[in-house]
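# sequence first, then the predicted structure, then my questions.
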Amino acid sequence: MLEVEDLRSAYGRIEVVKGVSLKVAAGEIVALVGSNGAGKTTLLRALSGVQPITGGRIRLQGESIEKAPPHRRVALGMAHVPEGRQVFAPLSVEDNLRLGAFQRNDDIAVDLERVYTLFPALADKRRQAAGGLSGGQQQMLAMGRALMARPKLLLLDEPSMGLAPLLVQQILDVVASLKAEGVTVLLVEQNATAALAIADRGYVIETGRISLQGSGAALLRDPKVREAYLGV
Ligand code: ATP
């Protein structure tokens with residue numbers, strides 16, 4: 001689904017993604033874990049095209065996309081749920097969802113129902129302003145908005161950020177259920193335990209470089225991961 005080779009990205013002269021290579025196979029959940037400032041968000045933004053790159057290659061289903069603008073990447077099947085949700089606060093829940101489908105010209109009614117089934121809390125609030133939702137509901141809305149594009153690959157940036165443990169589990173359960181529907185997921189998380197528990201495979205990123213990779217279960221057992229990210 002996704003092949004990334006030697007990807008680099010910088011802010012001015014400071015390189016923060018320093019030659020990252022990774023792969024996500026169709027149908028997988030792959031977790032990218034690492035501490036604050038490791039470069040996770042920058043990497044995800046580079047993949048969706050909202051952050052310039054200084055080198056490397058990105059292929060989506062075999063097609064080179066590193067020069068494609070973000071909207072083209074969406075049309076090819078990539079959707080990005082950004083860090084901090086970034087919902088359109090004054091717009092209604094349903095209008096936020098409709099915006100996720102702005103490049104489609106087929107019927108989206110069934111997709112709206114799918115989102116409301118995945119996140120029943122949103123169905124009750126469909127006519128309310130998105131800005132009035134709780135943090136957890138805004139996260140659900142940001143994920144729903146991305147799903148409205150019918151993505152093949154979902155890029156999720158820290159969906160658990162700032163949420164109570166029960167909600168974190170609820171959101172990650174939905175991520176796991178998307179896999180059952182055939183959506184491939186690249187999940188960025190600081191909450192390494194929860195992310196690796198639902199991931200088929202994972203990568204650890206440290207100061208812009210991949211330092212470890214393996215199955216979710218193997219990384220959860222790895223003493224280096226346990227010490228650095230799980231606090232045990
Ligand atoms: P977090 O979990 O805190 O979001 P992260 O792993 O996602 O961390 P990034 O947000 O990608 O890390 O940041 C990587 C590095 O780039 C950090 O040192 C950060 O300070 C720096 N950085 C991020 N955004 C900018 C920016 N707009 N301008 C300059 N430096 C930036």
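Cool, the structure landed.

# all helices for the protein, in order.
40-48, 70-75, 93-100, 109-118, 120-123, 135-147, 165-180, 192-198, 216-221, 223-229 (DSSP state H).

# contacting residues around the residue positioned nearest the centre of the chain?
Ranked by distance to the mean C-alpha position of the chain (CA atoms, centre = their mean), the top residue is Leu156 at 1.2 Å. Going by CB atoms under 8 Å, 6 or more residues apart in numbering, Leu156 touches Val81, Met143, Val175, Val185, Leu186, Leu187, Val188. Yep, even glycine has a C-beta here, placed from its N, CA and C like the rest.

# can you list the low-confidence ranges for this structure?
Applying pLDDT under 70 to the chain flags residues 230-232.

# quick revisit: narrow the contacts of Leu156 to those in strands?
Judged by DSSP state E, the contacts of Leu156 include Val81, Val185, Leu186, Leu187, Val188 as members of strands.

# and which of these is nearest to the ligand?
The ligand has its nearest neighbour among the ones in strands among the contacts of Leu156 in Val188, at 6.8 Å by CB to the nearest ligand atom.

# for the residue lying closest to that closest one once chain neighbours are set aside, give me its contacts.
Nearest residue to Val188 in three dimensions, chain neighbours excluded: Lys40, at 4.4 Å (CB to CB, 6 or more residues apart in numbering). The contact partners of Lys40, taken as CB under 8 Å, 6+ apart, are Leu32, Val33, Gly34, Asp157, Glu158, Val188, Ile205.

# repeat the analysis, applying 10 Å as the threshold.
The contact partners of Lys40, by CB atoms under 10 Å, 6 or more residues apart in numbering, come to 17, 32-34, 83, 157-158, 188-190, 203, 205, 208.

# just the buried ones from the residues you listed, in ChimeraX syntax?
Filtering the contacts of Lys40 down to the buried ones (16 or more other CB atoms under 10 Å) takes a single ChimeraX command:
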select :17,32,33,34,83,157,158,188,189,190,203,205,208
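
# would CSV of the contacts of Lys40 with distance to Arg114 be doable?
Listed next are these as CSV, based on distance: CB to CB, whole Å:
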residue, distance to Arg114
Val17, 33
Leu32, 26
Val33, 29
Gly34, 32
Glu83, 24
Asp157, 22
Glu158, 24
Val188, 24
Glu189, 24
Gln190, 29
Tyr203, 29
Ile205, 32
Gly208, 37
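
# now distance to the ligand too, for the helices of the chain, in TSV please.
Output for those, formatted as TSV (distance: least, CB to the nearest ligand atom, whole Å):
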stretch	distance to the ligand
helix 40-48	3
helix 70-75	17
helix 93-100	23
helix 109-118	25
helix 120-123	25
helix 135-147	15
helix 165-180	15
helix 192-198	12
helix 216-221	17
helix 223-229	12
